[in-house]
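1. quick one: sequence plus predicted model below, questions after.
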Amino acid sequence: MNKKILVLSSSPRKGGNSDSLCDELIKGAKEAGHQAEKIFLRDKVIHYCTGCGICSMYGKPCPQKDDAAEIVEKMITADVIVMATPVYFYTMSAQMKTMIDRTCARYTEINNKEFYFIVTAADTNKQAMERTLEGFRGFLDCLNGAVEKGAIYGTGVWKIGEIEHKPVLKEAYETGKNI
């Protein structure tokens, strides 16, 4: 079955380690016949949720005029969502957390999705990245029918390009092919 895949890359660096893993996953997914789109959050204007309550108390759309509404719409229509982040101080990037928070107005419409996570860190211990994944899992706990399908760990990478020639690149490619 041909799937519509949305990849949210929250690296602040184009071509950064987590972003490179996104590209490999997309390459594998497209070769398998899936549609795949990457949104580089750094290139979008996404304001913080203000907690105004217009969406929750009055059931109206978020009043903020930025790129978040378009991204949330793509999350709603995707079959598969890949969330990728570098790990900063053992948690996800601010760009990713801000995007998650901005789903507030329509998160109940992000139903029955498959999720994959990509995390990269200078730390060589996968266990150290579990806190980041728990943050993602907390988001999934709020969604109806969300299924975590896998996580890709890019360990021991900090500077741009350190991911090159690591076996995790092939893992990302194979994950994309097997979605």
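-> Cool, got the structure. None of these values were measured; they are calculated from a predicted model. Numbers count the residues shown, from 1 in each chain.

2. residues contacting residue 47?
-> When contacts are counted by CB atoms under 8 Å, 6 or more residues apart in numbering, residue 47 is found next to 64, 66, 68, 98, 102. All C-beta spots, glycine's among them, are computed from the backbone N, C-alpha and C.

3. what two of those residues are the furthest from one another?
-> 64 and 98 (11.5 Å; CB to CB).

4. chain neighbours aside, what residue packs nearest to residue 55?
-> Distance criterion CB to CB, 6 or more residues apart in numbering; nearest residue to residue 55, sequence neighbours excluded, is residue 105 at 3.4 Å.

5. measure that neighbour to residue 139 for me?
-> 15 Å (CB to CB, to the nearest Å).

6. list the contacts of the helix or strand bottoming out on mean pLDDT in the chain.
-> For the chain, the helix or strand with the lowest mean confidence is helix 54-58, at a mean of 86 (criterion: mean pLDDT, DSSP states H and E). With contact meaning CB under 8 Å, 6+ apart, helix 54-58 is reached by 60, 61, 62, 63, 104, 105, 106.

7. residue 122 touches residue 129, doesn't it?
-> No. Applying CB atoms under 8 Å as the test, residue 122 and residue 129 come out as separate, 10.8 Å apart.

8. give me the number of residues near the residue nearest to residue 55?
-> 20 (other CB atoms under 10 Å).

9. what do you get for residue 73?
-> 12.

10. ok, now how distant is residue 35 from residue 110?
-> 18 Å.

11. residue 77 too?
-> From residue 77 to residue 110 the distance is 10 Å (CB to CB).

12. compare neighbour counts for those two and give me the winner.
-> The neighbour count for residue 77 versus residue 110, taken as other CB under 10 Å, is higher for residue 110 (22 against 11).

13. host element of residue 61?
-> Assigned by DSSP states H and E, residue 61 belongs to no helix or strand.

14. skipping adjacent residues, who's closest to it in space?
-> Once flanking residues are discounted, residue 61 sits nearest to residue 105: 6.1 Å by CB to CB, 6+ apart.

15. list the contacts of residue 3.
-> 29, 34, 35, 79, 80, 114, 179.

16. so who does the residue nearest to residue 55 touch?
-> With CB under 8 Å, 6+ apart, residue 105 has these contacts: 54, 55, 56, 61, 62, 72.

17. show me where the chain dips below the pLDDT cut-off.
-> For the chain, applying pLDDT under 70 flags no range at all.

18. residue 150 - that's part of a strand, no?
-> Yes. Under DSSP: H, G, I helix; E, B strand; the rest coil, residue 150 sits within a strand.

19. now for it, how many residues are close by?
-> The burial count for residue 150: 14, using other CB under 10 Å.

20. over to residue 159?
-> Residue 159: 10 neighbours (other CB under 10 Å).
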